[in-house]
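*Asks:* predicted model and sequence follow; I will ask about them next.
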Amino acid sequence: MKLVIRVKLLPTPEQASALQATLHACNAAATHVSHTAFATRVTRNRELRALTYTTIKNSWHLGAQAAQHVIKKTSDAYTSLAGTIKAGHLGRPGSKRFRAATEKPITFRPDGAQPYDDRMLSWQTEQRTVSIWTVHGRMKRLPYTGHDEQLHLLVQHRQGESDLIHQNGNWYLLATLDLPEPPQNPAPHGFIGVDLGIANIATTSTGHRHSGRRLNRARANDRKVRTHLQKKRTRSAKRRAKKRAGREARRNRDINHKISKHIVAEAQRTGRGIALEDLGGIRERARLKKPQRVAINSWAFGQLGEFIAYKARRAGVPLVHVSPAFTSQECSRCHHIDKRNRPSQAEFICRNCGFVEHADLNASHIIADRGWWTWVCGAESQVPALTLIA
């Protein structure tokens, strides 16, 4: 399986200046290639290389490999845009968002990431240094650091390209690892259903609830401060808002890592699989009031699901995705479905058999049952057709 780790570089001021000049040159060249692709409607890598390679190599003093990576990065950006349009993520043709993405060339930020292959970047893992190409020449013995466990994996499993990025004044290399996957448990002893929500970030069918009460208060305060700063429209306010946004994203990511680690560890310890709802497109499907829209759009449910998925693969834990339809309305005991079964956010009272349970816990039992039947039917990680039981 593919895994990306972040390694922090420790350049001197002179080395940092050379790295910054390299990123600026590569991204300026990529923007030039993008304008050519937009004007000529040529976005395939080979054809685009024939049009732009010599120009960007000479004008921005790029090496041969760097020039080719710049062109490929631009081609990949247009391929990604075409996929986004095809999937309908930019709305209807002619909408404001659609026009903003399609009526002008793609531009690249001066500090945007730049890919490096083994000809442009070599690792000296014993010395914990790298030799990296820059527009000012080859930079040797540039030290790096990171978490010991990740650096150990880097030595054994690094493969493919790495990306140079500049974030918050720090320099990083994103290195790709190719890890061997452990054998998946072929006969899980049931499934742990995971219900994702706002009041409780994740509720498992084993009874664990990861409460979001304190987190929601912190997020509400973050939104309040961010709104206040946005109204000022000063450079200082924008800088502070950006800093707070980064802090909030790091906090959310840390919480998602902790929750996913707990869920996967429990499944591995008990010999069970994990069942998740397929929440793809939920933001487009859900019809919510404005305060609820703010809450659901500000939490990275997709990120939490991705963390659970890759940690499950690393642990050999089976993972299935099930349909989310009516999980909040179906009784886990008699399987009667009625929207009146949920009189409030936290309560579930079945109108048919009188079963009473916390709403999120009841939903997690439904997800666990659907996960088991999905596994039995052999449709692993696929969304099954839902059969409603009266």
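*Replies:* Nice, I can see it.
*Asks:* who does residue 143 bridge with?
*Replies:* Going by DSSP bridges, residue 143 is paired in beta bridges with residue 129.
*Asks:* so it touches residue 12, yeah?
*Replies:* No - Residue 143 is beyond contact range of residue 12, at 9.7 Å (criterion: Cβ atoms under 8 Å). In this view, the C-beta of every residue, glycine as well, is placed from N, C-alpha and C.
*Asks:* between these two, who's got more neighbours?
*Replies:* Comparing residue 143 with residue 12 by other Cβ atoms under 10 Å, the one with more neighbours is residue 143, at 15 against 10.
*Asks:* got a list of what the more buried one touches?
*Replies:* 9, 10, 128, 129 (Cβ atoms under 8 Å, 6 or more residues apart in numbering).
*Asks:* would you turn the residues you listed into a markdown table with pLDDT?
*Replies:* Formatted as a markdown table, the contacts of residue 143 follow (pLDDT from 0 to 100):
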| residue | pLDDT |
| --- | --- |
| 9 | 97 |
| 10 | 97 |
| 128 | 95 |
| 129 | 97 |
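*Asks:* so where's this protein shaky on pLDDT?
*Replies:* 280-300, 379-390 (pLDDT under 70).
*Asks:* okay, now the domains of it?
*Replies:* Per automatic domain parsing, the structural domains of the chain span 12-114, 116-178, 191-213+255-376.
*Asks:* so which of these is the most surrounded?
*Replies:* domain 191-213+255-376 (a mean of 18; mean count of other Cβ atoms under 10 Å).
*Asks:* most centrally placed residue in this protein?
*Replies:* residue 303 (4.9 Å; Cα atoms, centre = their mean).
*Asks:* and the strands in this structure?
*Replies:* Taking DSSP state E as the criterion, the chain carries its strands at 2-9, 114-116, 121-124, 129-134, 137-145, 158-167, 170-178, 191-196, 200-204, 209-211, 273-277, 319-322, 347-349, 356-358.
*Asks:* indicate which one of those strands is closest to residue 227.
*Replies:* Between residue 227 and the strands of the chain, the shortest gap by Cβ to Cβ is with strand 200-204, which sits at 23.4 Å.
*Asks:* can you give me the helices for the chain?
*Replies:* 13-40, 45-59, 64-87, 96-102, 148-157, 213-232, 235-270, 282-285, 290-297, 301-315, 359-376 (DSSP state H).
*Asks:* for stretch 346-358, measure first residue to last.
*Replies:* 6 Å (Cα to Cα, to the nearest Å).
*Asks:* i'd like the first residue to be 50 from this point on
*Replies:* Sure, I'll start counting at 50 from here, so that last one is stretch 395-407.
*Asks:* just give me how far it sits from the chain centre.
*Replies:* How far stretch 395-407 lies from its chain's middle: 36 Å, per Cα atoms, centre = their mean, to the nearest Å.
*Asks:* thinking again about what came up before, how about the residue nearest to the centre of the chain: what's its closest non-neighbour residue?
*Replies:* residue 305 (5.4 Å; Cβ to Cβ, 6 or more residues apart in numbering).
*Asks:* the one you found reaches residue 354, doesn't it?
*Replies:* No - assessed by Cβ under 8 Å, residue 305 is found out of contact with residue 354, at 9.2 Å.
*Asks:* residues near residue 233, how many?
*Replies:* 15.
*Asks:* got a list of what it touches?
*Replies:* Going by Cβ under 8 Å, 6+ apart, residue 233 touches 365, 366, 367.
*Asks:* now distance to residue 228 too, for those, in JSON lines please.
*Replies:* Shown next, in JSON lines, are the contacts of residue 233 (distance: Cβ to Cβ, whole Å):
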{"residue": "365", "distance to residue 228": "12"}
{"residue": "366", "distance to residue 228": "15"}
{"residue": "367", "distance to residue 228": "18"}
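*Asks:* leaving out chain neighbours, which residue sits closest to residue 159?
*Replies:* residue 73 (4.8 Å).
*Asks:* out of the contacts of residue 192, what pair is the most spread apart?
*Replies:* 58 and 177 (10.6 Å).
*Asks:* overlap in contacts of these two?
*Replies:* 192, 193.
*Asks:* contacts only, for residue 172.
*Replies:* 179, 203, 207.
*Asks:* mind checking how far the second one is from residue 302?
*Replies:* Using Cβ to Cβ, to the nearest Å, one gets 21 Å for the distance from residue 203 to residue 302.
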